[in-house]
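Enquirer: Structure, please.
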Amino acid sequence: MSILRFNAVETAFKKKAVDVQPPSRNVSDFFGKNVFTTSTMANYLSDEVMKSIRNAIEKGETLHREIADDVAAGMKRWAMELGATHYTHWFQPLTDGTAQKHESFISYVDGPGENIIEEFSGQLLAQQEPDASSFPSGGIRSAFEARGYTAWDPSSPAFVMDDTLCIPTIFISYTGESLDLKAPLLKALNAIDVAATQVCRYFDGNVKKVNTYLGWEQEYFLIDEGLYATRPDLVLTGRTLIGHESAKTQQLEDHYFGAIPSRVTAFMKDLEFEGYKYGIPLKIRHNESAPNQFEMAPIYGEANLSIDQNLLIMSIMKKVARRHSFRVLLHEKPFAGINGSGKHCNWSLGTNTGTGLLTPGKTPKENLQFMTFLVNVLMAVYKHNALLKASISSAANVHRLGANEAPPIIISAFVGSQLTAVLDELENCQNDMDIVLDSQKKQNHGIASIPEVLVDNTDRNRTSPFAFTGNRFEFRAVGASANCSSAITALTTAVAGQLIEFKQAVDAKINQGFQSEKAVFEVLKEYIRISKPIRFNGNGYSDEWRREAKERGLDCETSIPNIFKSYTSRESIDLFARTGVLSEIELQARNEVKWMTYTKKIQIEARVLGDLVINHIVPVAIRYQSILLDNIAKFKAVFPAEKADELCALNIKWVEDISRHVSMIKSNVDAMVEARGRANQIDSVYEKALAYHDAVLPYFDVIRFHADSLELIVDDEMWPLPKYRELLFIR
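Expert: Predicted coordinates:
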């Protein structure tokens with residue numbers, strides 16, 4: 001009997017929900033208590049310093065050193081009142097996670113001696129020096145060139161976690177290149193602010209700034225920690241590399257939006273209370289499609305801050321899960337055959353005057369502005385669909401894309417029937433036209449006691465990777481474990497570059513004598529025609545769409561190493577250079593990192609898979625085979641030959657099947673090891689990644705098939721690993 005597995009199952013069944021109490025009766029009493037928000041700053045900083053801080057956040061003005069010293073003094077006093085003894089620059093290296101190096105506030109008084117003080121200067125606030133050689137850089141920094149810098153981002157507030165003051169920062173090399181995901185994001189947000197503000201002035205001269213907004217939806221699985229600990233593949237790779245599908249999965253669709261299990265509810269409440277302390281406005285929680293899969297989502301916010309909050313909550317949820325004897329799985333496809341996990345990114349633009357640029361207006365002029373930004377977004381997605389696909393691609397997310405409810409790996413945009421009709425009419429009109437969009441319509445459902453339902457002007461298409469949903473675009477292809485900076489940077493940069501081109505085209509027509517509104521109309525009509533191939537309102541999962549997408553000229557590449565090459569296409573290099581977001585050398589370096597990361601993840605999975613089947617599965621299968629052979633021998637010893645053969649037929653078949661599956665596992669693992677060895681001899685990081693994709697990865701499914709087949713034959717009591725029915729249905 002597999003003692004570890006059955007002990008884990010028995011223990012998991014007995015666990016009860018942890019009692020969770022809120023820090024205060026009202027969320028408003030403790031919301032943001034661990035964050036140095038502008039309202040908190042006002043209690044620690046002078047009015048003059050506060051004015052400089054606001055100008056830095058809202059206008060991008062540089063803080064002078066004396067101001068930074070004042071901010072540091074106030075920040076330290078606030079942090080120490082919350083129990084902080086250390087500080088750290090909290091940054092986002094090219095690993096999709098976060099990093100931090102803690103330093104104590106203590107310092108000697110007047111040089112080395114017995115007396116110390118707590119000290120935190122503007123210099124320490126503004127800049128820190130982690131070891132740049134210890135993080136992936138794609139060759140920008142050699143191992144012997146260790147110097148790198150983190151620099152304070154005042155637009156994202158500092159916070160205290162445990163005993164440490166955490167200061168959001170960017171991470172750059174000694175020679176100034178970005179080594180992180182935040183610096184390019186900030187540049188992209190600035191680029192679209194400038195470009196969109198200039199376009200807005202065709203319609204409203206009062207617009208001074210355009211903000212990018214983001215609302216993310218975080219999907220995740222919860223697994224009992226005892227069951228998790230007995231699955232080496234979950235521990236080391238975040239997903240199950242083997243495991244036969246459970247008889248019941250999500251086919252009854254009874255888990256989605258169903259009653260939340262009590263242990264999970266306790267976890268969610270605890271997580272929300274922790275999130276509120278850090279100013280994360282968690283709004284929604286519910287069961288997702290797959291068993292033991294769940295989702296949370298906050299109120300939308302400014303993109304830079306929203307991304308920081310997402311990274312923070314991903315860290316917090318892992319700690320909170322341990323308090324409830326759970327482990328969080330953020331891998332995009334931890335279980336085969338059921339829904340994977342994404343991080344839908346709801347992206348929009350808004351002005352300082354309060355206008356949502358992707359919200360239909362109430363007048364023809366407002367609708368013209370709305371259509372201007374809608375069409376330019378579609379144009380940007382059309383021109384850079386390969387880049388957007390690269391921004392969400394990874395060794396993990398590829399398992400999710402195109403499977404179950406996940407969007408396909410081909411980027412297309414859904415806008416709904418009403419907007420499609422308006423776009424078609426606008427494209428074909430000979431003269432200027434007033435753009436009229438239906439507001440929400442009322443739907444009478446024939447039940448007198450039930451209020452009328454307000455129907456939006458567009459439906460939702462769950463098969464679309466980039467769907468317009470009424471006042472925003474939902475970028476559904478982003479993976480659950482990803483730092484969504486990559487996707488939002490690519491999208492925002494593409495739209496910024498497109499808006500720059502749009503303004504140049506409109507200004508050229510104005511210089512030719514066109515009225516402003518007429519010039520906008522003429523350029524939009526051309527853009528609608530050009531970008532038409534990106535619009536698709538049908539079933540993105542269908543084989544017909546894949547064929548049609550190729551005919552439309554959309555990027556249909558499926559090899560992840562090749563998909564990454566879109567970052568360094570001439571179009572992408574020109575785009576990022578024109579907007580000032582990333583240089584060619586930075587793009588080349590990021591691709592190096594992406595290829596190396598891909599190779600290492602497949603390499604790790606290959607090693608774990610080989611160990612799992614050879615050292616865990618095959619020995620158990622052979623042991624069970626020996627029991628069967630012993631049973632056959634006993635039958636033949638007791639019964640006449642003819643009767644024994646009849647009684648032994650099934651056992652003999654099982655013995656033969658086990659031999660075949662074990663043999664296939666051994667031969668394919670050996671071949672996979674050889675393929676890995678050949679791939680490791682390749683110097684080019686791209687060619688090595690390609691070799692792992694083409695020559696190593698194909699063995700995974702073959703090995704898994706034979707291991708999963710053995711799971712159906714071997715005695716359940718002997719099987720060493722928790723099965724899908726246990727991982728997914730013990731709550």
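
Enquirer: beta partners for Ala151?
Expert: Gln127, Ile170 (DSSP bridges).

Enquirer: swap in the one 10 residues further on?
Expert: Judged by DSSP bridges, the bridge partners of Met161 are Thr164.

Enquirer: Against Ile280, how distant is it?
Expert: 12 Å (C-beta to C-beta, to the nearest Å). No exception for glycine: its C-beta is placed from N, CA and C like everyone else's.

Enquirer: Of these two, give the one with the bigger neighbour count.
Expert: Ile280 (26 against 20; other C-beta atoms under 10 Å).

Enquirer: Regarding the protein, what is its longest helix?
Expert: Using DSSP state H, we find that the single longest helix of the chain is helix 641-680.

Enquirer: Surely Leu554 and Ala413 touch.
Expert: No - using C-beta atoms under 8 Å, Leu554 is not in contact with Ala413; the gap is 10.5 Å.

Enquirer: Mutual contacts of those two, please.
Expert: Ile534 (C-beta atoms under 8 Å, 6 or more residues apart in numbering).

Enquirer: Give me the more crowded residue out of the two.
Expert: Ala413 (23 against 20).

Enquirer: what's near enough to touch that one?
Expert: 378, 381-382, 464, 466-468, 473, 534-536.

Enquirer: cool, Glu177 as well?
Expert: Shown in contact with Glu177 (C-beta under 8 Å, 6+ apart): 140, 583, 585-586, 589.

Enquirer: so where's the stretch 101-250 of the chain uncertain?
Expert: Scanning the stretch 101-250 of the chain for pLDDT under 70 picks out 111-114, 132, 141-146.

Enquirer: Oops, could you answer that again for the stretch 401-550 of the chain instead?
Expert: 402-407, 430-462.

Enquirer: Show me where it has its strands.
Expert: Along the stretch 401-550 of the chain, counting by DSSP state E, counting those that start in this stretch, strands occupy 413-414, 441-443, 453-455, 466-468, 473-475.

Enquirer: again, but for the stretch 201-350 of the chain
Expert: Using DSSP E, counting those that start in this stretch, strands in the stretch 201-350 of the chain cover 210-224, 282-287, 293-298, 301-302, 326-329, 343-351.

Enquirer: Contacts for the fourth one next, please.
Expert: Looking back up the chat, that one is strand 301-302. 155, 211-215, 281, 309.

Enquirer: Just grab the bridge partners of the closest residue to Phe473 other than its chain neighbours for me.
Expert: For Phe473, ignoring the flanking residues on the chain, the nearest one in space by C-beta to C-beta, 6 or more residues apart in numbering is Trp347 at 5.2 Å. Assessed by DSSP bridges, Trp347 has beta-bridge partners Leu214, Phe473.

Enquirer: how close does Trp347 get to Phe373?
Expert: Going from Trp347 to Phe373 by C-beta to C-beta gives 12 Å.

Enquirer: Those two: which has the busier surroundings?
Expert: Trp347 (25 against 22).

Enquirer: returning to what we had before: columns neighbour count and distance to Lys565 on top of the contacts of strand 301-302, output as a markdown table?
Expert: As requested, the contacts of strand 301-302 are arranged in a markdown table below (neighbours: other C-beta atoms under 10 Å; distance: C-beta to C-beta, whole Å):
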| residue | neighbour count | distance to Lys565 |
| --- | --- | --- |
| Ser155 | 17 | 33 |
| Asn211 | 19 | 32 |
| Thr212 | 24 | 27 |
| Tyr213 | 18 | 31 |
| Leu214 | 25 | 27 |
| Gly215 | 21 | 31 |
| Pro281 | 18 | 38 |
| Gln309 | 24 | 32 |
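
Enquirer: ok, the residue most central in space within the chain - contacts?
Expert: Nearest to the mean C-alpha position of the chain, counting by C-alpha atoms, centre = their mean, stands Ala482 at 3.2 Å. Residues counted as contacts of Ala482 (C-beta under 8 Å, 6+ apart) are 96, 343, 392, 394, 397.

Enquirer: next one: Ile170
Expert: Ile170 touches 91, 150-151, 153, 178, 180, 182-183, 186, counting by C-beta under 8 Å, 6+ apart.

Enquirer: His89 and Ala56: what is the separation?
Expert: Counting by C-beta to C-beta - His89 and Ala56 are separated by 17 Å.

Enquirer: When the two are compared, which one has more neighbours?
Expert: More crowded of His89 and Ala56, by other C-beta under 10 Å: His89, with 28 against 19.

Enquirer: Who is that one paired with across the strands?
Expert: Ile167.

Enquirer: right, and it touches Gln100 too?
Expert: Yes - if you go by C-beta under 8 Å, His89 and Gln100 touch, sitting 6.9 Å apart.

Enquirer: so how far is Ser412 from Asn539?
Expert: Applying C-beta to C-beta to Asn539 and Ser412 gives a distance of 11 Å.

Enquirer: again, but for Ser28
Expert: Ser28 is 42 Å from Ser412, by C-beta to C-beta.

Enquirer: Next: Ser2.
Expert: From Ser2 to Ser412 the distance is 47 Å (C-beta to C-beta).

Enquirer: Looking at the two, which one has more neighbours?
Expert: Ser412 (27 against 19).

Enquirer: how many neighbours does the closest residue to that one other than its chain neighbours have?
Expert: Excluding the flanking residues, the one nearest Ser412 by C-beta to C-beta, 6+ apart is Phe536, at 4.1 Å. Counted with other C-beta under 10 Å, residues neighbouring Phe536 total 25.

Enquirer: Leu189 now?
Expert: 22.

Enquirer: swap in Thr353?
Expert: There are 12 residues near Thr353, going by other C-beta under 10 Å.

Enquirer: for it, helix, strand, or coil?
Expert: Secondary structure assignment for Thr353 (DSSP: H, G, I helix; E, B strand; the rest coil): coil.

Enquirer: Hmm, Asp204 and it touching each other?
Expert: Yes - counting by C-beta under 8 Å, Thr353 touches Asp204, with 6.5 Å between them.

Enquirer: would you list every one of the helices in the stretch 301-450 of the chain?
Expert: 303-323, 364-383, 385-392, 397-400, 416-428 (DSSP state H, counting those that start in this stretch).

Enquirer: most tightly surrounded among the ones you listed?
Expert: Sort the helices of the stretch 301-450 of the chain by mean neighbour count, taking mean count of other C-beta atoms under 10 Å, and helix 385-392 sits at the top with a mean of 25.

Enquirer: which residues touch that helix?
Expert: Counting by C-beta under 8 Å, 6+ apart, 381, 409-412, 466, 475, 477-479, 482, 486-487, 489-491, 494, 534, 554-555, 557, 563-567, 569, 571-572, 575 sit against helix 385-392.

Enquirer: Off-centre distance for it?
Expert: Relative to the chain's own centre, helix 385-392 is displaced by 13 Å; criterion: C-alpha atoms, centre = their mean, to the nearest Å.

Enquirer: With stretch 719-731 instead?
Expert: 26 Å.

Enquirer: Between the two ends of that stretch, what distance do you get?
Expert: End-to-end distance for stretch 719-731, by C-alpha to C-alpha, to the nearest Å: 21 Å.
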